[in-house]
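# Predicted model, plus sequence, below.
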Amino acid sequence: MIRWIALAAVAAGCAGDITGGDAPPTPPAPDAAAGEPAVTIASPAPGATVVRDALDPVGALAAAVDVRVDVTGPVARVEVLAGGEPVGDGTAVTAWLRADGPTTIRAVGFDAAGAEVAADEIDIVVAAPEVADCAGWLDLYGLDYEPGPDRQGVDDPVTVTTPINGVAYRYVSNSDPRTTFFMHCELAHALAKAAPILRERGVVEVADIGVYNYRCIGGGTPPDCPNGISQHAYAKAIDIAGFTTEDGTYYSVNDDWVIDPDDEPTCAAAVENDKDAFLHEIVCAMKAAGVWNIALTPNYNDAHRNHFHVDLTEGSDFIRRQIGTRAGANRAPLAD
């Protein structure tokens, strides 16, 4: 357009008044098909609702959104983003969306020099799946399990075939992993949710010290439990002794966790070395993700020096050092 204006000005300067003469030809309008770069999100449709009912590459329950982008003109590369985070390059990309709620899908086109030349975006909604019961969650995660057997204290028992969502479990003193694992259905669901957090950090096997033990907190047999019934009696707790990563490294809670100073919260404390950092990060990541209601580490007391006790105590939210006495105003919860 600038060129046409310039030519008209030159003509006017040479011929004087061009009124009544032939008008200069009208310049063509920009045409994407003739070379203007453009990217358009062809799918999903704007405003679409997608459900988190598929497993992403590390086993997280996510919405698998197939993003298709139409391109015209000189576009050398297309980048697709979801919620502001890159999810892949190309005109056909699968975005794995884990967070519920509104999400913006954006496609950005770049020229051969790497400069942005076109963009398009749409908003969609990610919805949580709806299941009828706990078994419905296990089915969504693709777990292999059977109901039962009946055990005292366990109102929804299942026996799960391991690995659980890609993670093997081994009783700490055994050399071979478990083939099956008895627990409450809700604990199986929690272990399925924990798996992506573990797998993202390279964990392939968890060493445990057991799940089911019909007992009181601090010892004794229910129902005579002055301190309450242990979550192990409901098969809703697991004691974790360590983690093995894909390179064969073993992270031992007993040997590698460095107990934090009393005045430092577990998940904000300074760490002493790489293995200590790994153990702190992994238990705190699981707690922050809502996998566990209670997580007791070696910071809690001597009885937990060699393991993480993690459980599903209803209404609780706890991970820190034991403070004061059980009768004190700042007492730690009676969880074990």
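Yes, it's here.

# for the stretch 1-150 of the chain, what spans make up the helices?
Shown for the stretch 1-150 of the chain, the helices assigned by DSSP state H, counting those that start in this stretch span residues 2-15, 134-140.

# ok now the shortest one, how far from the chain's centre?
Centre-to-centre, helix 134-140 and its host chain are 18 Å apart (Cα atoms, centre = their mean, to the nearest Å).

# Quick one: residues in contact with that helix.
Outside helix 134-140, the residues that touch it by Cβ atoms under 8 Å, 6 or more residues apart in numbering are 53, 61, 129, 131, 145, 147, 156, 158, 160, 185-186, 188-189, 192. In this view, the C-beta of every residue, glycine as well, is placed from N, C-alpha and C.

# quick one on the thing from earlier: lowest mean pLDDT across the helices of the stretch 1-150 of the chain, which one is that?
Ranked by mean pLDDT, the helices of the stretch 1-150 of the chain bottom out at helix 2-15, which scores a mean of 35.

# rewinding a little: looking at neighbours, which among the contacts of helix 134-140 is most surrounded?
Highest neighbour count within the contacts of helix 134-140, by other Cβ atoms under 10 Å: residue 188, with 28 neighbours.

# any chance of the contacts of helix 134-140 in a markdown table, plus pLDDT and distance to residue 244?
Shown next, in a markdown table, are the contacts of helix 134-140 (pLDDT from 0 to 100; distance: Cβ to Cβ, whole Å):
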| residue | pLDDT | distance to residue 244 |
| --- | --- | --- |
| 53 | 97 | 31 |
| 61 | 98 | 24 |
| 129 | 97 | 31 |
| 131 | 97 | 32 |
| 145 | 98 | 23 |
| 147 | 98 | 30 |
| 156 | 98 | 30 |
| 158 | 98 | 25 |
| 160 | 98 | 19 |
| 185 | 98 | 26 |
| 186 | 98 | 26 |
| 188 | 98 | 21 |
| 189 | 98 | 23 |
| 192 | 98 | 19 |
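
# how about these in TSV, adding distance to residue 91?
Output for the contacts of helix 134-140, formatted as TSV (distance: Cβ to Cβ, whole Å):
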residue	distance to residue 91
53	25
61	27
129	29
131	35
145	40
147	46
156	46
158	43
160	41
185	42
186	42
188	40
189	37
192	34
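
# nearest to residue 79, of those?
Comparing the contacts of helix 134-140 against residue 79 with Cβ to Cβ places residue 61 closest, at 25.7 Å.

# close enough to count as contact, that closest one and residue 141?
Yes - judged on Cβ atoms under 8 Å, residue 61 makes contact with residue 141 at a distance of 6.8 Å.

# Give me the common contacts of the two.
Contacts common to residue 61 and residue 141, judged by Cβ under 8 Å, 6+ apart, are residue 55.

# Mind checking what secondary structure residue 205 has?
strand (DSSP: H, G, I helix; E, B strand; the rest coil).

# Spit out the contact partners of it.
Contact analysis of residue 205 by Cβ under 8 Å, 6+ apart lists 167-170, 177, 243-244.

# If we use 7 Å, what do you get?
Listed by Cβ atoms under 7 Å, 6 or more residues apart in numbering, the contact set of residue 205 reads 168, 170, 177, 244.

# State the mean pLDDT of stretch 233-244.
On average, the pLDDT along stretch 233-244 is 98.

# Give me the residues contacting that stretch.
Stretch 233-244 has contacts (Cβ under 7 Å, 6+ apart) with 151, 153-154, 157, 172, 182-184, 186-187, 203-215, 222, 231, 250-254, 282, 306-312.
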